[in-house]
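1. What follows is a protein structure lacking sequence information:
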């Protein structure tokens, strides 16, 4: 069982907002990566993909879209910052490649 204090720290839920109601039957996706990002009308769209093997094509490996996450820009910014903080606090800080930064 996970220590409740640890879970609260990992949720990133700010104080003063309504509690989150857990839905154990809610959709859960597994994605290997996010290959595409776009924004329009104040929303960010993230294409989630997973590597799959196509039995109908001699087992060829193909990137398959398993879902898209679309959220307001402010929510996407909070997601990005929260995920970075979570990874950093668990010793999983992403390496930043200066060649790919703009």
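-> Looks like it came in fine. Only a predicted model underlies this, so the values are computations on that prediction, with no experimental measurement involved.
2. Show me what stretch 46-54 is in contact with.
-> 29-37, 59-70, 76 (C-beta atoms under 8 Å, 6 or more residues apart in numbering). (Each C-beta comes from the backbone N, C-alpha and C, glycine too.)
3. packing partners for the longest helix seen in the chain?
-> Longest helix in the chain by number of residues (criterion: DSSP state H): helix 73-89. Packing partners of helix 73-89 (3 or more C-beta pairs under 8 Å, 6 or more residues apart in numbering; DSSP states H and E): strand 43-54.
4. Now the strand it packs on: buried residues?
-> 44, 46, 47, 48, 49 (16 or more other C-beta atoms under 10 Å).
5. about what we covered before: got the angle for the longest helix of the chain vs strand 43-54?
-> On the basis of axes from the mean of the first three to the mean of the last three C-alpha atoms, to 10 degrees, helix 73-89 is oriented at 60 degrees to strand 43-54.
6. could you give the mean pLDDT of helix 73-89?
-> Averaging pLDDT along helix 73-89 gives 93.
7. buried ones in it?
-> For helix 73-89, by 16+ other C-beta under 10 Å, it's residue 76.
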